[in-house]
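Enquirer: quick one, what's the 3D model for this:
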Amino acid sequence: MTYCFYIFICLGLITLQTTILPCFQAFGGCYDLLIPFILYLGIYRPAYEGIFAIFLLGFIMDNLSAGPFGLYGTAYLWVFISAKWMVKFLHVANRVLLPLIAILGVLIENIIFFGTFMLLGTDFHLSPEAARTVAFQMLWALCTGAFLLVFFDSVHKKWEQWIEEQFSKESGD
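Expert: Model prediction:
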């Protein structure tokens with residue numbers, strides 16, 4: 001049942017990011033909203049649960065984007081691996097670190113994107129506009145990343161509690 005939760009969250013975030021937020025000018029340069037969810041999976045959930053969601057998200061976003069196939073999947077996988085690695089060294093229960101972790105996730109994704117375009121040999125150079133966009137995304141991640149991580153954790157706990165109640169009602173009947 002946890003995978004159903006992941007599918008609902010993934011589809012909801014993709015819908016929000018691709019159809020609703022572009023309608024508002026203030027969110028024009030917002031970061032990839034799936035990054036906090038991937039960080040949540042890396043920090044709070046076992047690896048076998050996160051891998052499923054990462055491949056699902058990567059596949060969907062690679063099909064929606066105009067970039068090379070596998071770009072989002074690779075970026076999400078590296079963000080997930082980085083989150084798993086950070087858990088070993090940082091006390092992630094400390095809520096003060098969550099905004100910094102969100103910033104690192106956004107930065108890792110952008111580094112992978114820029115590195116991919118450089119490796120592909122496209123006429124790519126880091127322009128001031130691209131640097132401004134990354135800085136703006138990091139600012140958004142600083143302001144909203146921790147809230148999204150806590151939100152995903154609390155909603156997932158409520159989902160699991162609801163599922164347990166439903167199964168206990170069925171077995172009690």
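
Enquirer: how about the residue sitting nearest the centre point of the chain, what does it touch?
Expert: By Cα atoms, centre = their mean, the mean C-alpha position of the chain lies nearest to Ile35, the distance being 1.9 Å. Applying Cβ atoms under 8 Å, 6 or more residues apart in numbering to Ile35 gives the contacts 79, 102, 105-106, 109, 141, 145. In short, each C-beta sits where N, CA and C put it, glycine included.

Enquirer: a markdown table for those, including pLDDT, distance to Thr133 and neighbour count?
Expert: Listed next are these as a markdown table, based on pLDDT from 0 to 100; distance: Cβ to Cβ, whole Å; neighbours: other Cβ atoms under 10 Å:
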| residue | pLDDT | distance to Thr133 | neighbour count |
| --- | --- | --- | --- |
| Val79 | 96 | 18 | 26 |
| Ala102 | 94 | 17 | 25 |
| Gly105 | 95 | 16 | 30 |
| Val106 | 95 | 11 | 23 |
| Glu109 | 95 | 12 | 24 |
| Ala141 | 94 | 13 | 27 |
| Gly145 | 92 | 17 | 25 |
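
Enquirer: picking that back up, quickly note the distance from the residue nearest to the centre of the chain to Asn110.
Expert: Separation of Ile35 from Asn110 (Cβ to Cβ, to the nearest Å): 10 Å.
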